[in-house]
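**Student:** can't give you the sequence, but here's the structure:
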């Protein structure tokens, strides 16, 4: 269906039955009566003045069984982790091959800092554990 105002077509069927007001987009052009700029609609300007976020960094670290410090309440171990920062987000998970022992010992990451993560457990693991770490917001 089309709608005419005099001899000018002002409305036409669009995609999927929607209606399009003909000539409406021209009002939003740079020289139109209602120009749209990236800033006026909340979009980033064409010229960005900032850097991109660093790529996530993935690594596997080993928690040696012999490196745990044993206390009455459990065990603690700190390991070096490349690109780790205190303000980074670290997602930590057991390597699939060590999952059962990781869970049985109730290992968890308890503290993160500059270049290191500290792990705690309820009991001493029976063997070395591999841990997968995804770091977002670190440095590369």
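**Tutor:** That came through fine. Here the structure is a predicted model, which means the values were calculated and not measured.
**Student:** what strand or helix carries residue 101?
**Tutor:** Counting by DSSP states H and E, the element that carries residue 101 is helix 99-104.
**Student:** what's in contact with the helix or strand that that helix is followed by?
**Tutor:** The C-terminal neighbour of helix 99-104 among helices and strands, as given by DSSP H and E, is strand 108-113. Contacts of strand 108-113 from elsewhere in the structure, counted by CB atoms under 8 Å, 6 or more residues apart in numbering, are 76, 78, 84, 86, 88, 90, 92, 117-121. For every residue, glycine as well, the C-beta is placed using N, CA and C.
**Student:** where in the chain is the helix or strand with the lowest mean pLDDT?
**Tutor:** strand 19-21 (a mean of 55; mean pLDDT, DSSP states H and E).
**Student:** how many residues are close by residue 64?
**Tutor:** The burial count assigned to residue 64 is 12, neighbours taken as other CB atoms under 10 Å.
**Student:** please shift the residue numbers so they start at 57 in all later answers.
**Tutor:** Yep, numbering from 57; the last one is residue 120 now.
**Student:** so who does the residue lying closest to it once chain neighbours are set aside touch?
**Tutor:** Setting aside the residues directly before and after it, residue 120 is nearest to residue 184 in space (CB to CB, 6 or more residues apart in numbering), at 5.1 Å. Under the criterion of CB under 8 Å, 6+ apart, the contact list for residue 184 reads 118-121.
**Student:** how about 6 Å then?
**Tutor:** Residues touching residue 184, when contacts are defined by CB atoms under 6 Å, 6 or more residues apart in numbering, comprise 118, 120-121.
**Student:** before we move on, the earlier item: residues of the helix holding residue 157 that come out buried?
**Tutor:** Neighbour-count burial for helix 155-160, counted by 16 or more other CB atoms under 10 Å, picks out 157-158.
**Student:** average pLDDT across it?
**Tutor:** Helix 155-160 comes out with an average pLDDT of 97.
**Student:** and that helix, how far out from the chain's middle?
**Tutor:** Relative to the centre of its chain, helix 155-160 is centred 27 Å away, using CA atoms, centre = their mean, to the nearest Å.
**Student:** ok, now stretch 93-107?
**Tutor:** For stretch 93-107, the gap between its own C-alpha mean and the chain's C-alpha mean amounts to 21 Å (CA atoms, centre = their mean).
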